[in-house]
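Asks: next come a sequence and a model predicted from it.
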Amino acid sequence: MPSLIDLRRRIRSVKNTEQITKAMKMVASAKLRRAQERVLASRPYSEIYTQMLSDVAGAVVSAGEEVSHPLLAVREQKRILLVVVTSDRGLAGAFNSNITKAGQVFIAEHPKVEFQIEAIGRKGRDFFFRREMKISGEHIGVVDKARFADAAVIARKVIGLYEAETVDAVYIIYNEFTSVMTQTLNVTQLLPFAVPQSEETTDYIYEQPPEKLAQTLLPKYVETGIYRAMLESAASEHAARMTAMDAATTNAAEVIEGLTLHLNRVRQASITKEIIEIVSGAAALG
């Protein structure tokens, strides 16, 4: 049975842990508000941009013209670049493990394909590096800030690999922010851009030929896709960490309550034992 000193030391240790988890929850909550505002503001732009690019490409196709751009070149997918967006830190529940497991499943579903990993975030980089996957690049410390300039740098590298035919397709995997309690796993094909087959397109009046517009819009589409994934991942990370720290704080409080109850019982037993010894000693002397 642990002594009173051991129990008090353990209670003090759990209380310190409770204070840490409570503070981390508050920090994550404050960061989540800002990240949530950014991701909600970016979604309409990203969706309208993708729709506009689809309409422009559809207008070219419906006119019987062929869009000649390297980012539209469809090849047999023998080499795939998988952009994995994770966090740089842990203590966020299953946030990172869901991404890495989904990446493993995606790789297992394509057994004859050669994969490269473009890691955005330390956790994904470390995970696939330990499994001896080919890491084409790593980007640490960019998800939490989620700046468009960083996304543009990554996009230019991805575009360069695809245009040089080093890879035949580019997929991105990330957690999409749904709510504080829910993050949705998302696996999206970035390249090649799928030209819509439907003839129903928005009727635009073009000052420039649609083909020329498509060639200008396509690189921006990749930049926007990566930037949105970074924003979604940042908001999802803070939400997952806030939920995990809230659960950890609750568990710590329950542990403290149980240890305090056990401490009182041990102290009561110790006092009772001492009283019995005193009474027994007095009776023996009498």
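Replies: Received it, and whenever you're ready, just let me know what you need.
Asks: what helices or strands is the helix or strand where Tyr162 lies leaning on?
Replies: According to DSSP states H and E, Tyr162 maps onto helix 148-163. The contact analysis (3 or more Cβ pairs under 8 Å, 6 or more residues apart in numbering; DSSP states H and E) places helix 148-163 against strand 79-85, strand 114-120, strand 135-139, strand 169-177, strand 183-191, helix 210-285. Quick note: C-beta positions are derived from backbone N, CA and C, even for glycine.
Asks: CSV please, covering these and showing distance to Leu40 and mean pLDDT.
Replies: Rendered in CSV, the data for the helices and strands packed on helix 148-163 read as follows (distance: least, Cβ to Cβ, whole Å; pLDDT from 0 to 100):
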stretch, distance to Leu40, mean pLDDT
strand 79-85, 18, 93
strand 114-120, 21, 92
strand 135-139, 24, 90
strand 169-177, 9, 93
strand 183-191, 15, 89
helix 210-285, 9, 84
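Asks: any chance of the ones you listed in a markdown table with distance to Ala30 and mean neighbour count as columns?
Replies: Output for the helices and strands packed on helix 148-163, formatted as a markdown table (distance: least, Cβ to Cβ, whole Å; neighbours: other Cβ atoms under 10 Å):
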| stretch | distance to Ala30 | mean neighbour count |
| --- | --- | --- |
| strand 79-85 | 22 | 23 |
| strand 114-120 | 23 | 21 |
| strand 135-139 | 25 | 18 |
| strand 169-177 | 16 | 24 |
| strand 183-191 | 19 | 18 |
| helix 210-285 | 9 | 17 |
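Asks: how about these, which one is nearest Lys15?
Replies: helix 210-285 (6.2 Å; Cβ to Cβ).
Asks: on that earlier part again, can you pull the buried residues of the helix holding Tyr162?
Replies: Neighbour-count burial for helix 148-163 flags Asp150, Ala151, Ala152, Val153, Ile154, Ala155, Val158, Ile159, Leu161, Tyr162 (criterion: 16 or more other Cβ atoms under 10 Å).
Asks: for the first one, give its distance to Tyr174.
Replies: Read it as Asp150. 15 Å (Cβ to Cβ, to the nearest Å).
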